[in-house]
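Peer 1: Build me a structure from this.
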Amino acid sequence: MIRFLTIVLIFLVFMSSNSCKDDFQINAKWKDITIVYCLLNSNEADSIHYVRINRAFINEKNDAFMLAQNPDSTNYKDSLFVRFEIWKNGQHNPANDIILKKVANNSKDSGIFANKNQYLWVTEPNTVLDPKAIYKLVITNTVSGKVIYSETPIVGNITSYFPKPGNKITITSKTDLEFKWVSGVNAYFYDVVAEIWYSEFPVDKPEDKVKKMITWPIVLSYFPSKLNEQVEMTVKISGEAFYNFLKDNIPVNYEVNREFLRIDFKYSAGGKEIYNYINVNKPSIGIVQKKPEYTNINNGLGVFSSRNQNIVSARITPTMLLELQANDKTRDLNFIR
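Peer 2: Numbers count the residues shown, from 1 in each chain. Here you go, the predicted structure:
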């Protein structure tokens, strides 16, 4: 998962009709619609937390794609006051509010929307979240007086039993892999994936190494038995599935050798709100293309939720390397010692 969820919404492309005798106006009167995205993570490395805030736009006299390239169409200037309220046991102390500041966002890719003069609202570094608290995001428009708000619990830390940090692992085609971890409180769903890292280089030029990675989805959208407490979770995958994955995703090339570097096992958890948002916005595959609108932002649109992640890196044993070299599915991939 990335540090901050960026999902672009194109709201309306408008039309006017001249086919009828009487003209009619399709668009309703302009209304300020605030778009908000924020995923809190109590395990964030730098403990900086981000909120993205934009506004929807519509203009009958200008092309929507042209407006999208104008930062003034989607941005609020200096009219927003953004804060997190911390609620514990139904109590809130305003003195503990976390005030966010507006900063330039220079990492947005080019596309339909302008990628310059974009902004995020961020906390100070080393802002530690309380996993037992409810966080309420409050955005006040100081010009209009409009208040946009939402709240979320914090997804707790995930503890991995397999693999354990620092341990080498052996995956064979004749045994099952049993992934075990203790769930984080308030985690609604889990994704477990493995990033498989290896280097590749020409047989006659071992100094020309290129590092590569492929992602093996072990289990997606896996639900814990309880949300409000930690429980042990187990997923079994056949070792043969691992070797099939390598066979299907690394091309045979007799002109190169490969070195197996490591596997990063990523345990990712998310709150209910982000699960709902992702599933509502999945591409439609049926005849009906119209989607329901999901948001948990009051007086706005978007999503405010929490996530967490634990990454366990593991190297392989000499026994597993021998299996990679001997197995029918991977022997032609040229993994060397």
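
Peer 1: and Y277, which of the three is it?
Peer 2: helix (DSSP: H, G, I helix; E, B strand; the rest coil).

Peer 1: Let's verify the residue lying closest to it once chain neighbours are set aside: helix, strand, or coil?
Peer 2: Closest residue to Y277 apart from its sequence neighbours, by Cβ to Cβ, 6 or more residues apart in numbering: V303 at 4.3 Å. Just so you know, the C-beta spots here come from the backbone N, C-alpha and C atoms, and that holds for glycine as well. When classified by three-state DSSP, V303 comes out as strand.

Peer 1: what's the helix or strand for the nearest residue to C38 once chain neighbours are set aside?
Peer 2: The shortest distance from C38 to any non-neighbouring residue, by Cβ to Cβ, 6+ apart, is to V51 (4.3 Å). V51 is located in strand 50-55, with elements delineated by DSSP states H and E.

Peer 1: Other residues contacting that strand?
Peer 2: With Cβ atoms under 8 Å, 6 or more residues apart in numbering as the test, strand 50-55 has contacts from 3-4, 6, 32-38, 74-76, 80, 82, 100, 105, 119-122, 137, 139.

Peer 1: Give me the buried entries from the residues you listed.
Peer 2: 4, 34-38, 74-76, 80, 82, 100, 105, 119-122, 137, 139 (16 or more other Cβ atoms under 10 Å).

Peer 1: Which ones among those residues lie within helices?
Peer 2: Within the buried ones among the contacts of strand 50-55, residues falling in helices by DSSP state H are T74.

Peer 1: which residues in this structure form helices?
Peer 2: 64-68, 71-74, 239-249, 272-280, 318-326.

Peer 1: any chance of those helices in a markdown table, with mean pLDDT and distance to Q230 too?
Peer 2: As requested, these are exported to a markdown table (pLDDT from 0 to 100; distance: least, Cβ to Cβ, whole Å):
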| stretch | mean pLDDT | distance to Q230 |
| --- | --- | --- |
| helix 64-68 | 45 | 45 |
| helix 71-74 | 58 | 41 |
| helix 239-249 | 97 | 28 |
| helix 272-280 | 91 | 17 |
| helix 318-326 | 96 | 31 |
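
Peer 1: Make a markdown table out of those helices and add distance to N89.
Peer 2: Listed next are the helices of the chain as a markdown table, based on distance: least, Cβ to Cβ, whole Å:
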| stretch | distance to N89 |
| --- | --- |
| helix 64-68 | 45 |
| helix 71-74 | 39 |
| helix 239-249 | 46 |
| helix 272-280 | 21 |
| helix 318-326 | 50 |
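
Peer 1: Which stretch among those approaches N167 most closely?
Peer 2: Minimum separation from N167 across the helices of the chain (Cβ to Cβ) falls at helix 318-326, 12.6 Å.

Peer 1: Report the residue ranges of every domain in this protein.
Peer 2: Using automatic domain parsing, the domains assigned to the chain come out as 34-154, 159-269+311-333.

Peer 1: Right, I'll leave it there.
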